[in-house]
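Participant: what's the 3D shape of this:
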Amino acid sequence: MTGATLDIEKGLAAAKRGDYAAALRELRPLADQGNARAQYFLGVLYFEGNGVTQDVAKAAEWFRKAAEQGDVNAQPSLGAMYARGLGVPQDDTKAVKWYRKAAEQGFAESQVNLGLAYYNGQGVPQDHATAYMWFSLAAENGDREGAKARDLLAKSMTSDQIAKAQKLAREWLETRKMK
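Facilitator: Next up, the predicted model:
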């Protein structure tokens, strides 16, 4: 393990035992140096108000820094903040952007959120076949909510629509295998 990894682990252990001052001492320097994982966890501390005054705008800033580096935990956190307008202006299009980045990395919860966005037409055009695809991919990743949403949506789709959606999911999975 690298020194940064050890410091992050020390910071997380401190947070787990409720010693947020120690967690901040370990995480803040790494976050300031650009460590995405430390940035994400610092965002969590600000979001929850653990060891710092709760500040959702500051949480969003740290999540953004980590998300822009590809952190799969920060991306859906930032997406959720945009979806709800927490610490950032409410913006469904930006929420979808961040959900998509995590969904494309196989993060099941973001796949469900992206499916919901397509189902409801929030931040993207309404498209039940694409919603079904994302729900199916989440279900493939073991997400029960994704499976439930897919099965519920299927009840309102024709067999041709379901076949199209299943084809989209297969093609998406095949594309991922080639990378």
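
Participant: Check which residues of stretch 117-127 are buried.
Facilitator: 117-119, 123-124, 127 (16 or more other Cβ atoms under 10 Å). For the C-beta atoms, the positions are set from N, CA and C on the backbone; glycine is no exception.

Participant: Looking at those residues, which are in helices?
Facilitator: 117-119 (DSSP state H).

Participant: closest to R176 among these?
Facilitator: Nearest to R176 out of those is Y118 (Cβ to Cβ; 18.4 Å).

Participant: Report the secondary structure state of S156.
Facilitator: What DSSP: H, G, I helix; E, B strand; the rest coil gives for S156 is coil.

Participant: In contact with the closest residue to it other than its chain neighbours: list those residues for me.
Facilitator: For S156, the nearest residue in space outside its immediate sequence neighbours is H128; the separation is 7.5 Å by Cβ to Cβ, 6 or more residues apart in numbering. H128 sits next to 118-119, 153, 156-157, 161, 165 when contact means Cβ atoms under 8 Å, 6 or more residues apart in numbering.

Participant: I'd like those residues as a markdown table, with distance to A139 appended.
Facilitator: Converted to a markdown table, these look like this (distance: Cβ to Cβ, whole Å):
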| residue | distance to A139 |
| --- | --- |
| Y118 | 15 |
| Y119 | 14 |
| L153 | 11 |
| S156 | 17 |
| M157 | 15 |
| Q161 | 17 |
| A165 | 12 |
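
Participant: At the geometric centre of the protein, which residue sits there?
Facilitator: P76 (2.0 Å; Cα atoms, centre = their mean).

Participant: Test my guess that it contacts Y99.
Facilitator: Yes. Counting by Cβ atoms under 8 Å, P76 does reach Y99; the two are 6.0 Å apart.

Participant: host element of the residue nearest to the centre of the chain?
Facilitator: In this structure, P76 sits in helix 74-84 according to DSSP states H and E.

Participant: Packing partners of that helix?
Facilitator: helix 36-48, helix 56-68, helix 92-103, helix 108-120 (3 or more Cβ pairs under 8 Å, 6 or more residues apart in numbering; DSSP states H and E).
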